[in-house]
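S.K.: What would the 3D arrangement of this be:
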Amino acid sequence: MFVGLCALLVSLGALLWPPQPARRNVSLIVTGGIVVPMDGAARIINPGAVAVDGRDVVAVDGAAAIAERFASATTIDAAGQIVLPGLINTHTHAPMVLYRGLADDLALMEWLQKYIFPAEAKTVSPEFVRAGTRLAALEMIQSGTTAYADMYYFEEEIAKATKEAGIRGVLGETIIQFPVPDAKTPADGIARATAFIRQWKGDDLIVPAIAPHAMYTLDADTLKQIRAVADRERAPLIIHLAETLDEVKIARDKYKMTPVQFLDSIGLWGDRTLAAHAVHLTPADIQILAKRRVGVSHNPESNMKLASGTAPVLDLQKAGVVVGLGTDGAASNNDLDMFEAMRQAAFLHKLTSKDPRALPAATAVRMATIDGARTLGLDREVGSLEPGKRADLILVSTRGARQTPMYDPISHLVYVARGDDVQTMIVNGKIVMRDRRVLTLDEAAVLDEAVKWSAKVRQAVGR
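M.R.: Numbers count the residues shown, from 1 in each chain. So this is what the prediction gives:
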């Protein structure tokens, strides 16, 4: 009788309290924050959580729902923070952080020809590039950039330093008509770019690319050869485009076309092409870029600082051109803070259009995340927090006088947040920075190395 009674109680308990399904063990859970997935559904999950296993996001949901389904030995408490995809900087020249403030308040051509090109001729080396990239990576990590696009010399050194820092890069070996530190001729540059692409193809963090500098620094035959390499190697192509009126004049005087039209006439526009700046465009230019599916990198800060002009971003987006955000190099910006790029983009287009509704905060965040990923051909991997995508995410503090009160987290990200509000960064499922402590770089050593190089730059240019 006693045995029967026990069996009855067990059966009754099973009915009243059915066994809970086992929780899946994952490598990391970020929980308790305001999650902004940027997944196209305009969701804000508060409190939300993200479950990560290995390098991938496996679930994005409310904190309670994630706790019911998943368990992890590593959990990050995101209370008081906004959790969103890592920011994507679609245009920079990473090692040029070592020229930050070297020459300011100048027009682009004067800045390049009188200061930057001569400084590069005297100081750029593999060692310079490594030191500059480490400094740029440290700054990007500390300000929430998990992926960036680059154009510079000795790009293999940039790739090594970027991978060591644990962030993602679409890195273009630059080709230019005149002798530069890593190539004496365009043919040398093309050979280097080809070798670089083959060396890094298939890497988990690095996407190798080829980067013709601009239509005014390369001849038509070289540009055609570069396009052929990009096609043959299935590599992205990155180029400066219509940044200044000087460039437009050169194209019209030499080819009787705009820069966009000239590059279209020689077949440069193709799959996975990124055009940086795109300031001076005609309506016909915009239609060409839309038809050729060229991504555009908008760099509001450097365009304003160099007085290059205002890119027609609203018209580009209306035509269906995907536009991401970039900082440009820190020599012309003078920082790599993508929060500042978001804010300045929103302000600039409200001012120039005389419409406060132009480029709203939600659009600025999209440009810095999923649209940035689309311009780089990485939108299937990063740019939003969705199951199956890589776990690239950041945690942004909302605690403090400047962040209080907060009514709208999207508004806060654009009009309130700054790079140093980023507390934690995860790239490819690995914690790169936690509670403002960078785990992949020795901060003191990076800064010390940069200071030593600045003395060498000062001596080389007589400043």
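S.K.: and the gap between A368 and L87?
M.R.: 5 Å (C-beta to C-beta, to the nearest Å). Every C-beta, even on glycine, is put in place using the N, C-alpha and C of the backbone.
S.K.: which residues do these two both contact?
M.R.: Where contact means C-beta atoms under 8 Å, 6 or more residues apart in numbering, the residues bridging A368 and L87 through contact with each are M338.
S.K.: Tell me how far the lengthiest helix in the chain lies from the chain's centre.
M.R.: Longest helix of the chain, by residue count under DSSP state H: helix 443-461. If you compare the mean C-alpha spot of helix 443-461 with that of the full chain, they lie 25 Å apart, counting by C-alpha atoms, centre = their mean, to the nearest Å.
S.K.: And for stretch 299-319?
M.R.: 17 Å.
S.K.: what's the model's confidence in it, averaged?
M.R.: The average of the pLDDT scores along stretch 299-319 is 96.
S.K.: How about stretch 128-139?
M.R.: Over the span of stretch 128-139, the pLDDT mean works out to 98.
S.K.: Alpha carbons only: can I get that stretch in PDB?
M.R.: Output of stretch 128-139 as PDB, limited to C-alpha atoms (Å, rounded to 0.1, in the frame of the first residue of the first chain):
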ATOM      1  CA  PHE A 128      55.100  52.300 -39.000                       C
ATOM      2  CA  VAL A 129      52.100  50.600 -40.400                       C
ATOM      3  CA  ARG A 130      52.100  48.000 -37.600                       C
ATOM      4  CA  ALA A 131      52.300  50.600 -34.900                       C
ATOM      5  CA  GLY A 132      49.600  52.800 -36.500                       C
ATOM      6  CA  THR A 133      47.300  49.900 -36.900                       C
ATOM      7  CA  ARG A 134      47.600  48.800 -33.300                       C
ATOM      8  CA  LEU A 135      46.800  52.400 -32.200                       C
ATOM      9  CA  ALA A 136      43.800  52.600 -34.600                       C
ATOM     10  CA  ALA A 137      42.600  49.100 -33.400                       C
ATOM     11  CA  LEU A 138      42.800  50.200 -29.800                       C
ATOM     12  CA  GLU A 139      40.800  53.400 -30.500                       C
END
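S.K.: Tell me which residues are up against it.
M.R.: Contacts made with stretch 128-139 from outside it, assessed by C-beta under 8 Å, 6+ apart, are listed as 92, 94-98, 152-154, 157-158, 160-162, 165, 167, 330, 335-337, 438, 441, 443, 446-447, 449-450, 453.
S.K.: cool, and stretch 368-376?
M.R.: 38, 40, 84-90, 147, 149, 170, 207, 236, 272, 274, 295-297, 322-325, 338, 341-342, 379, 381-384.
S.K.: what distance separates it from the centre of its chain?
M.R.: Between the centre of stretch 368-376 and the centre of its chain there are 8 Å (C-alpha atoms, centre = their mean).
S.K.: buried stuff in stretch 311-325?
M.R.: Judged by neighbour count using 16 or more other C-beta atoms under 10 Å, the buried positions of stretch 311-325 are A311, P312, V313, L314, L316, Q317, V321, V322, V323, G324, L325.
S.K.: who's in contact with the nearest residue to the second one once chain neighbours are set aside?
M.R.: If the residues on either side of it in the chain are set aside, P312 comes closest to L281, at 5.7 Å by C-beta to C-beta, 6 or more residues apart in numbering. With C-beta under 8 Å, 6+ apart as the criterion, the residues that contact L281 are A242, T258, V260, L289, A311, P312, D315, L316.
S.K.: again, but for E381
M.R.: With C-beta under 8 Å, 6+ apart, E381 has these contacts: A373, K389, R390.
S.K.: Go again with 7 Å.
M.R.: If a contact means C-beta atoms under 7 Å, 6 or more residues apart in numbering, then E381 has K389, R390 as its contacts.
S.K.: helix/strand/coil for it?
M.R.: Three states are possible here, and by DSSP: H, G, I helix; E, B strand; the rest coil the one that applies to E381 is coil.
S.K.: go on, L171?
M.R.: Secondary structure, three-state DSSP: L171 is strand.
S.K.: Surely N333 is in contact with E340?
M.R.: No. Here N333 does not reach E340: they are 8.6 Å apart, not a contact under C-beta atoms under 7 Å.
S.K.: quick one, which of these two is more surrounded?
M.R.: With other C-beta atoms under 10 Å as the criterion, N333 and E340 differ in neighbour count, and N333 comes out ahead with 26 against 18.
S.K.: quick one: I250 is in a helix?
M.R.: Yes. With three-state DSSP as the criterion, I250 is part of a helix.
S.K.: Could you check how far it is from S397?
M.R.: Taking C-beta to C-beta, one finds I250 at 47 Å from S397.
S.K.: Just give me the neighbour total for L348.
M.R.: Neighbours of L348 using other C-beta under 10 Å come to 20.
S.K.: Is it part of a helix or strand, or is it coil?
M.R.: The three-state label for L348, taken from three-state DSSP, comes out as helix.
S.K.: show me where pLDDT drops low in the protein?
M.R.: With pLDDT under 70 as the threshold, the chain has low-confidence stretches at 1-20.
S.K.: Swap in 50 and give it another go.
M.R.: Applying pLDDT under 50 to the chain flags residues 1-3.
S.K.: Please, where are all the strands along the stretch 51-200 of the chain?
M.R.: Read by DSSP state E, counting those that start in this stretch, the stretch 51-200 of the chain holds these strands, from start to end of the chain: 56-62, 70-72, 75-77, 81-85, 87-92, 145-152, 168-175.
S.K.: residue boundaries of the helices in the stretch 301-450 of the chain?
M.R.: Listed from the start of the chain, the stretch 301-450 of the chain has helices (DSSP state H, counting those that start in this stretch) covering 313-318, 338-353, 361-368, 370-375, 409-415, 443-461.
S.K.: Burial-wise, tell me which of those comes out on top.
M.R.: Mean neighbours per residue, mean count of other C-beta atoms under 10 Å, is largest over these for helix 370-375, with a mean of 27.
S.K.: quick one, domains of this protein?
M.R.: Under the assignment automatic domain parsing, the domains of the chain span 21-85+390-438, 87-375.
S.K.: Could you identify which of those is most buried?
M.R.: Most buried of the domains of the chain by mean neighbour count (mean count of other C-beta under 10 Å) is domain 87-375; its value is a mean of 21.
S.K.: what's the spacing between that one and its chain's center?
M.R.: A distance of 11 Å separates the centroid of the chain from that of domain 87-375, by C-alpha atoms, centre = their mean.
S.K.: what's the span of it, first residue to last?
M.R.: For domain 87-375, the separation between the terminal residues is 13 Å (C-alpha to C-alpha, to the nearest Å).
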